[in-house]
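**Student:** Just to be clear, the model below is a prediction. Sequence and coordinates:
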Amino acid sequence: MKQNFKQKVGPYLYISSAWLIIGIIVFFPILYTVAISFTNMNIWHWKDYHFIGFANYLKAFAVLDGGFVAALIRTIIWTILNLTLQIVIALGISLLLNTEGLRGKGLYKTLLMLPWAMPTYISALIWKFGMFQNDFGLLNQVLVKLGLGKVGWLNTDLIAFISCLFVNLWMALPYMILMFYGGLQGIDKGFYESAEIEGANKWQKLIYITVPVLKPLVMPAIIMTAFVTFKQFDIVYLMTMQTGAKTGADVNTIITYAYENAFITNNYGYSSALSVIIFIIIVILTSLNQRSLRKGD
């Protein structure tokens with residue numbers, strides 16, 4: 001009886017310390033965030049905060065001008081544009097790299113992987129101060145040499161958004177190219193030879209052979225990239241907010257918007273509500289993604 005009890009309870013005792021650490025590191029912060037999301041905790045009510053119900057959640061969806069809804073719409077646009085451009089450009093470059101007899105293929109692949117190997121922080125700041133800087137940046141220096149006026153790359157909403165989009169593409173494309181190129185290596189050349197015998201042109205081979213065969217191979221990478229892009233923080237923050245004040249452009253994503261309310265305006269209750277909303281959105285997207293993958297199987 002005693003031996004049977006040890007066999008049943010013993011394993012749980014062995015992992016209890018691990019569960020305790022996980023509870024302190026993971027579950028407690030989540031529960032605490034949910035709790036203060038229903039309060040007015042901020043820099044002025046650090047100790048005397050009180051329960052205000054769903055006011056923070058209502059505020060998130062009620063403030064349409066420059067608030068959470070605007071940041072959410074911008075994040076969706078950001079994700080769709082990034083993902084679409086990455087897929088199209090990565091597929092095009094991968095097809096070129098897969099060309100038979102291409103000279104210098106190893107050199108091209110090495111050069112394409114360099115942006116992916118560099119730390120995000122370094123890459124973003126190089127682009128910010130080396131390329132997009134208003135007075136001494138390379139792009140404006142070239143424009144001045146050409147007799148054109150300087151451009152405030154990070155000072156206006158649309159241009160700053162496009163600049164951040166370009167930098168994110170520059171750093172994220174190598175991974176997508178690697179996935180597509182690896183998938184192309186696994187396609188049996190016999191498919192293309194049979195299609196040529198039937199009179200198919202290059203476009204038809206791409207649509208009816210390459211894309212269908214690549215889809216199940218690269219779909220996990222595309223889904224992972226979509227999640228990473230949706231949760232993007234570092235590019236937008238380093239490019240437009242890193243110096244302690246905004247550069248003049250408002251390109252907040254939902255993550256940077258939550259950060260701004262937590263650590264710049266110190267509205268902890270509201271930022272916690274934003275974090276809970278973001279968490280719920282990600283959980284919903286994850287469940288939808290798992291369903292689609294199961295249907296695909």
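**Tutor:** Happy to help now that I have it. Note that this is a predicted model, so its numbers are computed, not measured.

**Student:** And the helices in the stretch 51-200 of the chain, which stretches?
**Tutor:** Ranges of helices within the stretch 51-200 of the chain are 55-62, 68-97, 105-117, 120-125, 138-145, 157-185, 189-197, based on DSSP state H, counting those that start in this stretch.

**Student:** Any buried residues in the fifth one, and which?
**Tutor:** By neighbour count, and taking 16 or more other Cβ atoms under 10 Å as the criterion, the buried residues in helix 138-145 are 139-140. (Each C-beta comes from the backbone N, C-alpha and C, glycine too.)

**Student:** repeat for the first one
**Tutor:** Buried positions in helix 55-62, judged by neighbour count with 16+ other Cβ under 10 Å: 55-57, 59-60.

**Student:** Including pLDDT and distance to Asn168, could the residues you listed go into TSV?
**Tutor:** As requested, the buried residues of helix 55-62 are exported to TSV (pLDDT from 0 to 100; distance: Cβ to Cβ, whole Å):
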residue	pLDDT	distance to Asn168
Ala55	89	35
Asn56	90	30
Tyr57	90	30
Lys59	86	29
Ala60	87	25
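
**Student:** quick revisit: would you mind saying which of the helices of the stretch 51-200 of the chain lies nearest Val228?
**Tutor:** helix 157-185 (7.9 Å; Cβ to Cβ).

**Student:** and that closest one, what does it pack onto?
**Tutor:** Applying 3 or more Cβ pairs under 8 Å, 6 or more residues apart in numbering; DSSP states H and E, one finds that helix 157-185 contacts helix 68-97, helix 105-117, helix 120-125, helix 211-230, helix 234-240.

**Student:** ok, and for that helix, which residues are buried?
**Tutor:** 159-161, 163-165, 167-181, 183-184.

**Student:** Centre of the chain to it, how far?
**Tutor:** 11 Å (Cα atoms, centre = their mean, to the nearest Å).

**Student:** model confidence over it, on average?
**Tutor:** Per-region confidence: helix 157-185 scores 90 on mean pLDDT.

**Student:** picking that back up, between the helices and strands packed on helix 157-185, which gets the lowest average pLDDT?
**Tutor:** Mean pLDDT across these is lowest at helix 105-117; the value there is a mean of 82.

**Student:** wait, what's in contact with Gly152?
**Tutor:** Contacts for Gly152 were tallied using Cβ atoms under 8 Å, 6 or more residues apart in numbering; they are 134, 159, 248.

**Student:** What is the neighbour count of the residue nearest to the second one when sequence neighbours are not counted?
**Tutor:** Using Cβ to Cβ, 6 or more residues apart in numbering and skipping the chain neighbours, the partner closest in space to Ile159 is Trp153 (5.8 Å). Residue crowding around Trp153 was assessed by other Cβ atoms under 10 Å; the count is 24.

**Student:** Quick check: pLDDT value at Trp153.
**Tutor:** Listed pLDDT for Trp153 reads 88.

**Student:** Contact partners for it?
**Tutor:** 131-132, 134, 137, 139-140, 159-160, 163.

**Student:** Just give me the closest of these to Ala273.
**Tutor:** In terms of Cβ to Cβ, no member of these lies closer to Ala273 than Ala160, at 26.9 Å.

**Student:** Was I right to think that closest one contacts Asn252?
**Tutor:** No - using Cβ atoms under 8 Å, Ala160 is not in contact with Asn252, being 10.8 Å away.

**Student:** shouldn't Asn140 be in contact with Leu148?
**Tutor:** No - using Cβ under 8 Å, Asn140 makes no contact with Leu148, being 9.2 Å away.

**Student:** intersection of neighbour lists for those two?
**Tutor:** Here Asn140 and Leu148 share no contacting residue, scored by Cβ under 8 Å, 6+ apart.
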